[in-house]
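A.B. asks: Fold the stuff below for me.
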Amino acid sequence: MKLLFVHQNMPGQYREILAWLAARGTHDLAFLTQRRDVQLNGVKTITYRAHQQATKDSYGLSKDWENAAGAGLGAALALRELHRSEGYKPDIIIGHTGWGELLFMKEIFPDVPVIGFFEYFYRTSGGLVGFDPESPPNDQAGFFAKARNTVPYASIESVDLGHVPTAWQRDRFPASFHDRMYLCHDGIRTDRLLPDPAASIGLGRLGQPLTRDDEVVTYVARNMERARGFHIMMRALPRILAERPKARVLMIGGNETSYGTESKHPGGLRGEMEEELGSNIDWSRVHFLGKVPYDDLCRIIRISRCHIYLTMPFVLSWSLLESMSMQATVVAADVDPVREAVTHGETGMLVDFFNPQALADQVVDVLARPGDYAHLGPNARAHVVEHYDFLNRCLPEHIAQINSLVPAAKRIEM
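C.D. replies: Alright, predicted model coming up:
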């Protein structure tokens, strides 16, 4: 089968299924993307440029649509050119709808089925907007939320089938979307993401590697931002470090803002929090590691005695499920999307997002009494294996949905 994947930031949510398909060697795989620095074995990379992008002076309510339309047209024109020059025509197109890249696929190939990944629907309650009292929405928030949703509304009419990874994300969308989308996570490679009692990681300022014998606390986010609770994490540190004098905190993530409100501090939110906390923290035991290679990330999680996952109500991070697969003892924010994956006292511990003191108390207790929480890691892994495992749970569903849209002769064999 000829499968075309579409995502501006290749490979995006398609990392695992692409690798699985490529390893079989029986399918023609292509990826349409804006990235020019990624090559995957067995996958042809096709690049495109957005045809138009909004400028700083563009009308605010239409910026998202202008960017989406520009990306969609750029993607469609690149595909049309490939069809004309090489006769390329996929059997199915699978891509992310968030940036508009699928909007015009049917104009190029009206008879080719399209599966669209629907990630987020903007509302003024129950999600990022209005959740944090430190960042109250202005009186135009509702207008901007509705304007941003022009992209998913147009996208649901541009695909044959939608895909959404969690129930919380599905329920953000209007009910009219639900029977046009299937629910299944992208999938976690639990067969590879195993615990390792012998894991260790060396840090430049330390004389010897850290291991499971050390009191290591970990925090992971793509970027250290409010949406992922970085400010709450930082405010919990003084008590954690004071109560546990041997603890070390490893912080992984960039210093930009992917979602929500940006800090006005010249040093970003990290600089803002460092200024707020000052000498209340023993900075010699806090290690900001930035963005690390994936293998290093896994080794860090494997030595963690307590892994902290904080988020406002938003898209669930892969890092949480991956950490659970590696049997991390998780302390996480008690918000709806997290409760879908973590049951308090069974697969992790949940704390009030807005209570740094409660977070610190829970972390201190986990560090002080690891035996009392020893059941959480194995339970967490068992839960992820049952509900999120790529090979046995998620892949069969994705393949079934793909096969439902193509002729029997072209279907993928499991």
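A.B. asks: Going by C-alpha atoms from here, please, whenever you check contacts or count neighbours.
C.D. replies: OK.
A.B. asks: and the longest helix for the protein?
C.D. replies: The longest helix of the chain (DSSP state H) is helix 63-86.
A.B. asks: How about residues contacting whichever helix or strand comes after that helix?
C.D. replies: Once helix 63-86 ends, the next helix or strand along the chain (criterion: DSSP states H and E) is strand 92-96. Residues from elsewhere that reach strand 92-96 (C-alpha atoms under 8 Å, 6 or more residues apart in numbering): 2-7, 101-102, 112-119, 402, 405-406.
A.B. asks: Return a PyMOL selection command for the buried portion of those.
C.D. replies: Burial among the contacts of strand 92-96 is assessed by 16 or more other C-alpha atoms under 10 Å; the matching PyMOL selection reads:
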select buried, resi 3+4+5+6+7+101+102+112+113+114+115+116+117+118+119+402+405+406
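A.B. asks: and for the strand or helix carrying residue 218, what are the contacting residues?
C.D. replies: Element membership for residue 218 (DSSP H and E) is strand 216-223. Identification of contacts with strand 216-223 by C-alpha under 8 Å, 6+ apart yields 210, 228, 247-258, 291, 300-301, 303-309, 319.
A.B. asks: Flag every buried residue along that strand.
C.D. replies: 216-223.
A.B. asks: how about these in JSON lines, adding pLDDT and distance to residue 140?
C.D. replies: Output for the buried residues of strand 216-223, formatted as JSON lines (pLDDT from 0 to 100; distance: C-alpha to C-alpha, whole Å):
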{"residue": "216", "pLDDT": "98", "distance to residue 140": "43"}
{"residue": "217", "pLDDT": "98", "distance to residue 140": "40"}
{"residue": "218", "pLDDT": "98", "distance to residue 140": "37"}
{"residue": "219", "pLDDT": "98", "distance to residue 140": "33"}
{"residue": "220", "pLDDT": "97", "distance to residue 140": "32"}
{"residue": "221", "pLDDT": "95", "distance to residue 140": "29"}
{"residue": "222", "pLDDT": "92", "distance to residue 140": "28"}
{"residue": "223", "pLDDT": "93", "distance to residue 140": "26"}
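A.B. asks: now stretch 234-245: how far from the chain's centre is it?
C.D. replies: Here stretch 234-245 is found 28 Å from its chain centre; the criterion is C-alpha atoms, centre = their mean, to the nearest Å.
A.B. asks: Render the CA-only coordinates of it in PDB, please.
C.D. replies: The C-alpha trace of stretch 234-245 is given here as PDB (Å, rounded to 0.1, in the frame of the first residue of the first chain):
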ATOM      1  CA  MET A 234       9.700  25.500  41.300                       C
ATOM      2  CA  ARG A 235       7.700  26.700  44.300                       C
ATOM      3  CA  ALA A 236       7.700  23.200  45.700                       C
ATOM      4  CA  LEU A 237      11.500  23.000  45.600                       C
ATOM      5  CA  PRO A 238      12.400  24.900  48.800                       C
ATOM      6  CA  ARG A 239      10.500  22.400  51.000                       C
ATOM      7  CA  ILE A 240      11.600  19.300  49.000                       C
ATOM      8  CA  LEU A 241      15.300  20.200  49.200                       C
ATOM      9  CA  ALA A 242      15.100  21.400  52.900                       C
ATOM     10  CA  GLU A 243      13.400  18.200  54.000                       C
ATOM     11  CA  ARG A 244      15.500  15.800  51.900                       C
ATOM     12  CA  PRO A 245      19.100  17.100  52.100                       C
END
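A.B. asks: Looking at the buried residues of strand 216-223, which one is closest to residue 49?
C.D. replies: residue 222 (24.9 Å; C-alpha to C-alpha).
A.B. asks: now the closest one: how far from residue 23?
C.D. replies: Distance of residue 222 to residue 23, given as C-alpha to C-alpha, to the nearest Å: 28 Å.
A.B. asks: Please name the residues that touch residue 198.
C.D. replies: Contacts of residue 198 by C-alpha under 8 Å, 6+ apart are 211-212.
A.B. asks: so what pLDDT did the residue positioned nearest the centre of the chain get?
C.D. replies: Nearest residue to the geometric centre of the chain (C-alpha atoms, centre = their mean): residue 317, 4.0 Å. At residue 317 the predicted local confidence, pLDDT, stands at 96.
A.B. asks: For residue 306, grab phi and psi.
C.D. replies: phi -150, psi 120 (degrees, to the nearest 10).
A.B. asks: out of the contacts of strand 216-223, which are buried?
C.D. replies: By 16+ other C-alpha under 10 Å, these give 210, 228, 247-257, 291, 300-301, 303-309, 319 as buried.
A.B. asks: Out of the residues you listed, which sit inside helices?
C.D. replies: 300-301, 303, 319.
A.B. asks: out of the residues you listed, what pair is the most spread apart?
C.D. replies: Maximum distance among those (C-alpha to C-alpha): 14.9 Å, for 303 and 319.
A.B. asks: thought residue 64 was touching residue 148?
C.D. replies: Yes - using C-alpha atoms under 8 Å, residue 64 makes contact with residue 148 at a distance of 5.9 Å.
A.B. asks: okay if I get the buried residues of strand 216-223 as JSON lines plus distance to residue 16?
C.D. replies: Shown next, in JSON lines, are those (distance: C-alpha to C-alpha, whole Å):
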{"residue": "216", "distance to residue 16": "29"}
{"residue": "217", "distance to residue 16": "28"}
{"residue": "218", "distance to residue 16": "25"}
{"residue": "219", "distance to residue 16": "24"}
{"residue": "220", "distance to residue 16": "21"}
{"residue": "221", "distance to residue 16": "20"}
{"residue": "222", "distance to residue 16": "19"}
{"residue": "223", "distance to residue 16": "23"}
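A.B. asks: so which of those comes closest to residue 267?
C.D. replies: residue 223 (13.3 Å).
A.B. asks: Which residue, other than its chain neighbours, is closest to that closest one?
C.D. replies: Excluding the flanking residues, the one nearest residue 223 by C-alpha to C-alpha, 6 or more residues apart in numbering is residue 254, at 4.3 Å.
A.B. asks: Tell me which residues touch the one you found, please.
C.D. replies: Residue 254 neighbours (C-alpha under 8 Å, 6+ apart): 221-224, 290-291.
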